[in-house]
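Student: Dropping the sequence and predicted coords here.
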Amino acid sequence: MHNHGPNDQLVYQYPRVQFKVLDRHAYLVGIAEGSELLQRLWMGFDSTTLGNEELPVIDSQFSTNQHSFLLSDDPIRYRFATPWLALNQTNFREYTQSRSQSFRLEKLNKTLVGNCLGMCKSLGIRFSGRISADCTDLSSIKTTLKGQGMIGFVGTFLLNVALPDLIGLGKSVSRGFGSIERRSP
């Protein structure tokens, strides 16, 4: 579930199980074979450990949804419910050293398209058309990952791909970063 294979080697693929905390509620999201795994394990959850603290499960619900990933003729508005970690070391330097807002916007647009393409490729999804993104309404915030300060992005964005709510885009989606929700136009 944590992208580790035999002998603890890293497996570079889109995480099939993602943990999120939204509005003080914990969510486990399973995608493809991750949903099958969660269905098998679900009844065994009566507590969980976060850090050094064991927390009892007071109430739990399980639901399944099927969703098709489709290219849309019109852009769809989403919002990042949790900070999107878009920048790696290389594009972080490029992004922060540039004073050009159009360069920064183009960098975010391309990164979001790349995140979407990477997720779809890992899930075996192919599109015949072109994916486009508009990150104009995102703003940067300070966040932390494993005790390291980072820049995250929150707000709304447009993407011409129909995606399910709570799926993650970007880095550390298994830890809840980059969780999206569809918004009204």
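Tutor: Thanks, I have it. Residues are numbered from 1 along each chain as shown.

Student: list the helices and strands the longest helix seen in the chain packs on?
Tutor: When the chain is parsed with DSSP state H, its longest helix is helix 101-122. With contacts taken as 3 or more C-beta pairs under 8 Å, 6 or more residues apart in numbering; DSSP states H and E, helix 101-122 sits against helix 89-97, strand 133-134, strand 148-162. The way it works is simple: take the backbone N, C-alpha and C, and place the C-beta from them, glycine included.

Student: In JSON lines: the ones you listed, plus mean neighbour count, mean pLDDT and distance to Ser72.
Tutor: Formatted as JSON lines, these follow (neighbours: other C-beta atoms under 10 Å; pLDDT from 0 to 100; distance: least, C-beta to C-beta, whole Å):
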{"stretch": "helix 89-97", "mean neighbour count": "11", "mean pLDDT": "90", "distance to Ser72": "26"}
{"stretch": "strand 133-134", "mean neighbour count": "20", "mean pLDDT": "98", "distance to Ser72": "12"}
{"stretch": "strand 148-162", "mean neighbour count": "18", "mean pLDDT": "95", "distance to Ser72": "5"}
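
Student: Including distance to Cys120, could these go into a markdown table?
Tutor: Below are the helices and strands packed on helix 101-122 laid out as a markdown table (distance: least, C-beta to C-beta, whole Å):
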| stretch | distance to Cys120 |
| --- | --- |
| helix 89-97 | 20 |
| strand 133-134 | 13 |
| strand 148-162 | 8 |
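
Student: Report the helix or strand with the lowest average pLDDT across this protein.
Tutor: strand 47-50 (a mean of 74; mean pLDDT, DSSP states H and E).

Student: Need the contact partners of stretch 38-57.
Tutor: Residues external to stretch 38-57 that are found in contact with it (C-beta atoms under 8 Å, 6 or more residues apart in numbering): Val17, Ala26, Leu28, Gly30, Ser60, Phe62, Thr64.

Student: With stretch 14-22 instead?
Tutor: Residues contacting stretch 14-22 (C-beta under 8 Å, 6+ apart): 1, 3, 26-35, 37-38, 81-82, 118-119, 122-123, 166-168, 173-176, 179.
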